[in-house]
Each structure stands twice: as structure tokens, then as C-alpha cells.
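J.: A structural model of the following input is requested.
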Amino acid sequence: MKVFFKAVFALAFLFIAGCSDPSTLTDSQKNEITAQLNEVMDKHQLMGMSVELVKDGKHIYSGHFGKADYERDIPVSEKTIYRIASISKTFTAASVIKLWDAGKLDLNADVSQYLGFRLRNPHFPDDVITLRHLLNHTSTVRDGVGYGQFLGKMISEQKPISGLFTTDGEFYTDDMFTSDHQVGEYFSYSNSAWGLIATAVETASGKRFDKYLRDEIFIPMEMDGRINVTQLEDINNLSVLYRFQNEEWTPQADNYKGEYPEDRAREGYEPGHNGTLYSPQGSVRASSKDLVHFMMMFMNDGVFNGKQILSKEAVDMMTQPYWTSDGTNGDTWDNFFLSYGLGTHILTNADSADYIFPELNMIGHPGIAYGLVSDMYIDREKNTGVVLIINGSKYGFKSGERSSFYIPEEEVFEVLQNYLK
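T.: Model prediction:
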């Protein structure tokens with residue numbers, strides 16, 4: 001009889017403990033969060049928004065608000081897929097590190113061996129540029145005038161990336177490389193560098209970049225997203241990105257109206273020709289749930305749902321700082337970028353600067369493009385993370401009052417912080 005009562009008591013204790021688990025939220029708390037986020041939506045007249053919160057390794061909140069497609073009256077839902085802008089860089093970095101894991105890429109070797117042409121800053125021709133330099137924005141590669149010209153013709157004319165980065169190339173301009181700092185010395189955020197990174201991925205894998213991401217990252221991690229829009233299972237799930245212009249909501253990107261576009265790569269495309277083709281710097285399309293999967297993989301030392309996507313060593317390498325500001329060695333974007341890993345933004349929690357939740361050491365990446373703002377950040381030690389995606393604001397995005405993030409971001413983070421205690 002005593003054994004019986006002990007068993008009953010133990011079960012009762014476990015039940016009570018489970019109900020008061022600090023890493024979960026009650027329905028009432030979830031409703032509170034939703035109500036507060038609706039207030040943020042109304043205050044800033046946001047088009048649509050998705051918010052995810054992970055605490056102690058558990059996915060505790062998921063919220064979806066507003067419209068994914070204003071003209072067709074499609075609401076944001078858990079199926080909504082967004083062009084997540086520069087969070088894409090962390091996906092691209094993961095593809096590189098996966099090949100490094102497999103012994104197919106050397107991060108410290110001259111990247112020229114993976115490009116098919118000699119990559120050098122003409123101002124410092126003896127400085128070797130590596131994948132590590134490219135991944136942490138210290139390569140001296142810049143987004144010069146030629147970059148915009150190249151983007152305008154690379155799809156229609158299937159131009160090779162060598163034409164942008166060699167001094168005798170069709171699109172090369174003098175401002176494609178800095179003349180002020182040697183390789184490895186100075187942080188300067190660059191989008192064009194990621195076309196070089198994706199080209200190296202294509203050469204090393206033998207696959208087109210979009211297919212490599214699909215086969216090695218998206219599918220194994222059970223994601224609905226893709227970087228190639230034509231590979232999405234349902235184009236109607238793709239959110240339009242908006243700005244409010246001339247007193248009306250104006251589509252800026254991904255306004256496909258339910259029709260798949262033509263694939264960017266033409267028949268006969270050879271991997272290694274131009275990794276910029278699918279915009280590895282900013283064109284991953286993913287749902288907020290997809291980003292939770294990605295965060296979980298980093299929290300679990302490279303494992304997602306029992307599958308080893310990256311080694312622990314690889315995750316450790318991606319998430320450690322390779323550049324940290326000393327006040328003179330980089331363009332910090334008004335104290336936003338103060339530390340950077342390999343395709344990862346590392347927050348230092350500096351006062352009035354780069355912090356989300358001051359008590360957490362967060363690593364991840366932001367994104368901003370075509371009216372969208374996005375964030376994906378985790379604290380690996382505490383297994384806590386946040387995803388925020390906004391696809392447009394009537395009032396635009398003004399600088400934050402307490403941090404380097406924008407005001408709507410700050411207000412969403414403030415709402416969520418109350419439930420992380």
C-alpha cells in the first residue's frame with residue numbers, strides 16, 4: 001500500500017511540475033503575447049508579421065499577423081514563406097561549412113582555386129583572399145558600381161562572375177575593392193562577396209547552388225523554403241514584400257500572383273559559372289517555422305531531428321567571433337555590427353547598440369530589403385532564440401530608441417522578453 005501511495009504521489013508531483021514548467025507558456029500567456037503584438041502591428045501599420053520564440057530548447061510561441069499578399073487578400077499563416085534577406089547569408093555560410101566538414105573546401109586556402117580565375121585586390125595584389133575572409137566581410141571586396149550593372153545582365157545574358165572581379169572584366173569597376181585596407185584588416189559588409197562564396201560551393205559540390213541548398217540543407221531539415229522560387233511547392237505561400245509609397249501599398253518583390261517565374265539558370269548552365277545567380281546574399285525564401293528548424297540545429301550542435309547536418313566543430317567555428325570592433329577596424333553601421341563570425345552576426349550587448357535581450361548572448365543574422373525586416377538570433381548556451389519577420393510598414397523603419405535595431409523590432413523584443421524570465 002505504501003508503495004502504491006508513493007507512486008501516486010510521484011505522478012502527482014510530476015504532473016504539477018509539468019504544469020509549472022518555466023520553459024512553457026499557458027494559453028493565457030500566449031494570448032497576452034498575441035494581443036501585445038497586435039498592438040505593435042496597429043501602432044506601426046505593418047503589412048504582415050511572423051514571430052517565433054524558443055526557450056530552453058522548446059518552441060513556446062508562434063504568431064502570425066496581417067497580410068502576406070494584400071492584393072489577393074492572403075493572410076500571413078504558419079505556411080507563409082518570405083524572402084528573408086540577409087539571414088540568407090547564414091544559410092550560405094552553412095553550405096560552405098558543410099563542404100568544409102566533408103573535406104571539400106579549405107577555408108584558409110586561396111579562394112581562386114575554386115573560382116576558375118585569380119581573385120586579387122589590385123591595390124594589394126600579394127594579399128591572398130580566402131573563404132574565411134569572404135565569410136566574415138574582411139576580404140576587401142566591395143559592392144561597387146559594377147555590381148549593380150552585373151546584376152542587371154547576369155540573368156538575361158548568363159554572364160560569368162569573373163567579369164565582375166577581374167580588372168579586365170566586362171563589369172569591373174575600380175570600386176569593387178577597397179584601396180584603404182589590406183585583406184583581413186577591416187570589416188566592411190559586402191553583398192557581392194557572397195556570389196564568390198556560392199561559386200566556390202558550386203565548384204566544390206559539382207551542383208548548382210540552389211540545388212545544393214535544397215538537397216543538403218532544406219530537405220534534410222524538413223524546410224518548405226528554397227532559394228530558387230521555382231522549387232517552392234506552392235507559390236501561393238510566398239509573401240509579397242511591400243513599401244507604402246504614394247499613399248498606397250506598393251509591391252517591391254515576389255509579387256508573382258500565383259504564377260511561377262522562369263528559372264534563372266538557362267539550359268546548359270555549368271556549376272561554378274556564377275554563384276550570384278540565385279542571390280546567395282539575400283534570396284533564401286523560408287517560413288518562420290523553417291527558421292526555427294535552422295535555429296534548433298545550431299542549438300543542438302549541428303543535429304536536427306536526429307540528423308547530423310553540421311558537425312559540432314563546424315557549428316562552433318561558425319559562431320565564434322573572427323572580427324570584433326575596436327573602434328577603428330571596421331564600418332559598424334552605427335554600432336550595429338560590432339562582432340562577426342562566419343556568416344553570423346554576434347551581438348556584444350553594448351549599451352544603446354547591438355542587443356535584443358540584454359541578458360542573452362545572441363548569435364544569428366538580421367535582414368532588410370524591399371520593405372522587409374527580418375531577424376533570427378539564438379543563445380546557444382541557454383537554447384533560446386527568436387525569429388521576427390515583417391513584410392512591410394506604412395511608416396517605414398526608423399532607428400531604434402534603445403538599441404541599433406529598428407523601433408518595431410525593439411517593441412517586439414520587449415514584448416517577448418517578459419516571457420523569458
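
J.: what's the longest strand in this structure?
T.: strand 58-69 (DSSP state E).

J.: for the helix or strand just after that one, the distance to its chain's centre please.
T.: Where DSSP states H and E defines the elements, the next helix or strand beyond strand 58-69 is strand 74-75. The chain centroid and the centroid of strand 74-75 are separated by 24 Å, computed with CA atoms, centre = their mean, to the nearest Å.

J.: strands paired with strand 74-75, and their directions?
T.: Using DSSP bridges, the strands paired with strand 74-75 are strand 58-69 (antiparallel).

J.: which residues make contact with the partner strand from outside it?
T.: 23-25, 30, 33-34, 37-38, 41, 46-54, 73-78, 80, 237-240, 288-289, 292, 296, 391, 416, 419 (CB atoms under 8 Å, 6 or more residues apart in numbering). C-beta here means a position set from N, CA and C on the backbone, and glycine is covered the same way.

J.: okay, helices next: where are they in this protein?
T.: 2-19, 27-44, 88-101, 131-135, 145-154, 162-165, 193-205, 209-213, 288-299, 312-318, 407-417 (DSSP state H).

J.: quick one, which of those helices gets closest to Phe187.
T.: Nearest of the helices of the chain to Phe187, taken as CB to CB: helix 131-135 at 10.6 Å.

J.: tell me the mean pLDDT for the closest one?
T.: Mean pLDDT, computed over helix 131-135, is 98.

J.: again with stretch 207-224
T.: Here the average pLDDT along stretch 207-224 is 98.

J.: ends of that stretch, what's the gap?
T.: 20 Å (CA to CA, to the nearest Å).

J.: buried set for that stretch?
T.: For stretch 207-224, a neighbour-count test (16 or more other CB atoms under 10 Å) marks 207-214, 216-218, 220-221, 223-224 as buried.

J.: re earlier: among the contacts of strand 58-69, name the buried ones.
T.: By 16+ other CB under 10 Å, the contacts of strand 58-69 give 25, 30, 33-34, 37, 41, 46-54, 74, 76, 80, 237-240, 288-289, 292, 296, 391, 416, 419 as buried.

J.: residues contacting Val315?
T.: Met297, Phe298, Asp301, Gly302, Arg380.

J.: for those residues, pick the one with the most neighbours.
T.: Counting neighbours by other CB atoms under 10 Å, Phe298 leads the contacts of Val315 with 25 neighbours.

J.: so who does that one touch?
T.: Taking CB under 8 Å, 6+ apart, one finds Val315, Met318, Thr319, Ile363, Ile378, Arg380 in contact with Phe298.

J.: Phe337: neighbour count?
T.: By other CB under 10 Å, the burial measure for Phe337, its neighbour count, is 24.

J.: which residues does Trp323 bridge with?
T.: Bridge pairing for Trp323 - DSSP bridges - gives Tyr340.

J.: surely it meets Gly330?
T.: Yes - taking CB atoms under 8 Å as the definition, Trp323 is a contact partner of Gly330 at 6.6 Å.

J.: mutual contacts of these two, please.
T.: Contacts common to Trp323 and Gly330, judged by CB under 8 Å, 6+ apart, are Phe187.
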